[in-house]
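[1] All I have is the shape, not the residue letters:
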């Protein structure tokens, strides 16, 4: 198991984490990803709306930021890497997430607003709900 070394300078952290991940696995060999979805539609610290930088399919790892949580700076896999999984399991809990899911499904907006739409289009996705 590898983790980002967040005590390093940001660019160094991302480069080292990318190298560590690439030495461990290939995104083409990923059988399943397990995801949750935030009440703003984010997955894996990919907070909408996604910037062009976050839409870069050549990157494996991205730095993201949010004001929604105590930890503002995040290191996450790229949407491309997550979407490369052969299948995905999305775990959702509560009525608030149900409303977000309904909004996502009704929205004509794409993956910049709803990153989970890329997952839906590229993997076999199973969603599990809990009240």
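    That came through, no problem. In this text the structure is predicted, and so the values were computed from the model without any measurement.

[2] For the rest of this, base every contact and every neighbour count on C-alpha atoms.
    Will do.

[3] Following the chain onward from the longest helix seen in the chain, which element is next?
    Determined from DSSP state H, the single longest helix within the chain is helix 10-24. Counting by DSSP states H and E, the next helix or strand C-terminal to helix 10-24 is strand 32-36.

[4] Output the contacting helices and strands for the helix or strand following that next one.
    Toward the C-terminus, strand 32-36 is succeeded by strand 61-65 as the next helix or strand (DSSP H and E). When contacts are defined as 3 or more C-alpha pairs under 8 Å, 6 or more residues apart in numbering; DSSP states H and E, strand 61-65 sits against helix 10-24, strand 73-77.

[5] residues in contact with the last one?
    Contacts of strand 73-77 with the rest of the structure, by C-alpha atoms under 8 Å, 6 or more residues apart in numbering, involve 4, 14, 44-46, 60-66.

[6] can you pull the contacts of the residue most central in space within the chain?
    Nearest to the geometric centre of the chain sits residue 44, at 3.3 Å (C-alpha atoms, centre = their mean). The contact partners of residue 44, by C-alpha under 8 Å, 6+ apart, come to 35-37, 76-77.

[7] Go through those and single out the one with the most neighbours.
    Counting neighbours by other C-alpha atoms under 10 Å, the top entry in those is residue 37, with 21 neighbours.

[8] No more questions from me, cheers.
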